[in-house]
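In: Generate coordinates for the sequence data below:
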Amino acid sequence: MAKTNHTNPAKLGTKRGRTQTFSITAPTAMSVQLVGDFTHWTQQPINMQKSADGVWRTSVELEPGTHHYRFLVDGQWRDDPECALHVPNPYGSQDAVRQVA
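Out: Numbers count the residues shown, from 1 in each chain. Here you go, the predicted model:
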């Protein structure tokens, strides 16, 4: 099998995605979406599912590396209060950062 020519050598090899779970408590929300660099932000948002306890959850497979993300709660940008690492973004707010080993 021929190798595909990649422009990013870090993507070559045997690295595979790892399942990551994201959650946010928003008991009164009507909709919550996970958006990030891995969804091309709002181009391909991931709809989250609400459980009886008011916590919205989803699991996604992410490649090893650093991923920036936020939540859209009823169309409003929200931070992940459970995430310890945040970095400034170009819009004057902060993105949460998830490290995947």
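In: What segments of this protein are strands?
Out: Along the chain, the segments classed as strands by DSSP state E run 18-25, 32-36, 46-47, 49-50, 55-62, 65-73, 76-78, 86-88, 94-100.
In: okay if I get these as JSON lines plus mean pLDDT and mean neighbour count?
Out: Every residue, glycine included, has its C-beta placed from N, CA and C. Putting those into JSON lines (pLDDT from 0 to 100; neighbours: other CB atoms under 10 Å) gives the following:
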{"stretch": "strand 18-25", "mean pLDDT": "97", "mean neighbour count": "15"}
{"stretch": "strand 32-36", "mean pLDDT": "98", "mean neighbour count": "22"}
{"stretch": "strand 46-47", "mean pLDDT": "98", "mean neighbour count": "14"}
{"stretch": "strand 49-50", "mean pLDDT": "98", "mean neighbour count": "12"}
{"stretch": "strand 55-62", "mean pLDDT": "97", "mean neighbour count": "16"}
{"stretch": "strand 65-73", "mean pLDDT": "98", "mean neighbour count": "19"}
{"stretch": "strand 76-78", "mean pLDDT": "97", "mean neighbour count": "13"}
{"stretch": "strand 86-88", "mean pLDDT": "97", "mean neighbour count": "11"}
{"stretch": "strand 94-100", "mean pLDDT": "97", "mean neighbour count": "18"}
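In: which residues touch the closest residue to residue 18 other than its chain neighbours?
Out: Residue nearest to residue 18 in three dimensions, not counting chain neighbours: residue 100, with 5.4 Å by CB to CB, 6 or more residues apart in numbering. For residue 100, the contacting residues are 18, 20, 62-67, by CB atoms under 8 Å, 6 or more residues apart in numbering.
In: Need the max-distance pair from those residues.
Out: 18 and 66 (13.1 Å; CB to CB).
In: bridging residues for residue 100?
Out: residue 65 (DSSP bridges).
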